[in-house]
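Enquirer: no FASTA, just this:
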């Protein structure tokens with residue numbers, strides 16, 4: 001029935017001009033404008049000559065027919081298509097482009113009261129005085145969807161989700177990381193479905209999660225960690241980056257640079273700490289093992305010349321012979337000392353062998 005361009009500073013541009021012109025009553029608030037309805041491409045660029053002429057003539061004919069139906073100024077409305085003309089609220093009212101100017105919704109309802117509108121059911125007299133105004137608010141689900149559709153939140157969900165899944169894959173049975181990861185990923189995909197996402201960025205973020213876990217598991221001494229941070233930063237930058245022509249109607253969407261930098265910094269510090277622990281562990285070895293292993297018997301499984309492999313207590317260890325002598329596969333040895341993850345062993349004479357000799 002009534003199309004209201006409001007509040008102050010709002011505009012009915014492009015398709016909004018057609019919508020306003022098609023209403024039974026076109027109403028504007030002070031400080032608003034209408035017009036600039038010249039057709040352009042979906043990317044905001046001008047159309048090619050032939051196509052532009054066809055589309056422009058079609059749009060001009062449409063808005064003239066709308067103006068004729070609603071009894072509005074055909075020439076002025078056609079100019080919004082032909083020459084991208086725009087009019088202020090006062091100009092539009094003076095040129096019969098719109099019907100009314102009202103200060104607010106209450107003023108709108110007061111001025112509409114008693115007016116007659118031509119509808120599909122015939123002529124209808126509007127009775128808007130004292131009409132109950134019902135405001136439609138967002139429900140909890142819509143607020144939640146709006147929250148997770150924030151580019152920064154969706155980035156965090158994707159990162160945490162990918163990391164949780166990878167942790168569960170490398171450590172089956174933990175359960176919690178897998179559950180959290182699946183939930184975060186599902187929420188991330190739900191959010192990304194409402195955003196202009198670049199899936200190459202999502203792949204980079206998942207790759208970063210894999211590299212982080214590989215760094216922890218195989219101890220890449222920082223190489224995999226650096227790759228993880230680089231992959232994470234690149235993924236965050238690409239996640240909502242659209243290459244080529246972009247739609248002029250879409251706002252600029254990207255992950256906050258401070259959030260991206262902070263996430264990269266936290267991941268970097270965490271990896272430095274983990275790599276440091278891994279290096280220290282390799283250097284010192286498990287302290288509780290040293291006293292237990294000393295004096296234990298084992299057998300050579302990889303020739304010591306003087307370094308090789310021994311089996312001690314059903315565990316495989318790197319070992320060196322105490323006197324740098326060669327100890328062949330199958331010979332018994334005894335652990336003299338433990339330094340880090342390397343055992344120092346000496347050849348132990350097998351009693352049975354000694355008796356036979």
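Expert: Perfect, thanks for sending it. Here the structure is a predicted model, which means the values were calculated and not measured.
Enquirer: show me what contacts the nearest residue to residue 305 once chain neighbours are set aside?
Expert: Computed as CB to CB, 6 or more residues apart in numbering, the closest residue to residue 305 that is not its neighbour in sequence is residue 326, at 4.8 Å. For the C-beta atoms, the positions are set from N, CA and C on the backbone; glycine is no exception. By CB atoms under 8 Å, 6 or more residues apart in numbering, residue 326 lies in contact with 303-306.
Enquirer: Quick one: which of these is the most crowded by neighbours?
Expert: Using other CB atoms under 10 Å as the neighbour test, those are led by residue 304, with 24 neighbours.
Enquirer: pLDDT averaged over the host helix or strand of residue 81 - what is it?
Expert: Residue 81 belongs to helix 74-82 when assigned by DSSP states H and E. For helix 74-82, mean pLDDT is 90.
Enquirer: name the helices or strands packed onto that helix?
Expert: Helix 74-82 is packed against helix 15-22, strand 33-35, helix 49-70, strand 86-88, with contacts defined by 3 or more CB pairs under 8 Å, 6 or more residues apart in numbering; DSSP states H and E.
Enquirer: for those, which one sits closest to residue 178?
Expert: Across the helices and strands packed on helix 74-82, the minimum distance to residue 178, taken as CB to CB, is reached by helix 15-22, at 46.8 Å.
Enquirer: what's that closest one packed up against?
Expert: Where contact means 3+ CB pairs under 8 Å, 6+ apart, helix 15-22 is packed against strand 2-5, strand 33-35, helix 49-70, helix 74-82.
Enquirer: Most tightly packed of these?
Expert: Mean neighbour count (mean count of other CB atoms under 10 Å) peaks for strand 33-35 among the helices and strands packed on helix 15-22, with a mean of 24.
Enquirer: What pairs with that one, parallel or antiparallel?
Expert: Here strand 33-35 has these sheet partners by DSSP bridges: strand 11-13 (parallel), strand 86-88 (antiparallel).
Enquirer: Give me the buried positions along the last one.
Expert: Of the residues in strand 86-88, those buried under the neighbour-count criterion (16 or more other CB atoms under 10 Å) are 86-87.
Enquirer: which residues does residue 123 contact?
Expert: The contact partners of residue 123, by CB under 8 Å, 6+ apart, come to 116-117.
Enquirer: tell me which element it falls in.
Expert: For residue 123, the enclosing helix or strand under DSSP H and E is strand 122-125.
Enquirer: Show the contacting residues for residue 95.
Expert: Neighbouring residues of residue 95 by CB under 8 Å, 6+ apart: 73, 76, 87.
Enquirer: The first one against residue 96, yeah?
Expert: Yes - contact criterion CB atoms under 8 Å: residue 73 and residue 96 qualify, at 4.3 Å.
Enquirer: got the contact list for residue 1?
Expert: Residues in contact with residue 1 (CB under 8 Å, 6+ apart) are 23-25, 117, 119, 126.
Enquirer: at 10 Å instead, please
Expert: 23-25, 112, 115, 117, 119, 124, 126, 128 (CB atoms under 10 Å, 6 or more residues apart in numbering).
Enquirer: low-scoring stretches of the chain, by residue?
Expert: 41-47, 217-221, 244-251, 277-291, 350-357 (pLDDT under 70).
Enquirer: What segments of it are helices?
Expert: 15-22, 49-70, 74-82, 89-94, 105-112, 140-148, 151-170, 176-192, 199-218, 223-238, 257-284, 287-293, 351-356 (DSSP state H).
Enquirer: So which of the ones you listed is nearest residue 343?
Expert: So among the helices of the chain, helix 287-293 is nearest, using CB to CB, at 6.6 Å.
Enquirer: how close does residue 15 sit to residue 298?
Expert: To residue 298, residue 15 is 82 Å away according to CB to CB, to the nearest Å.
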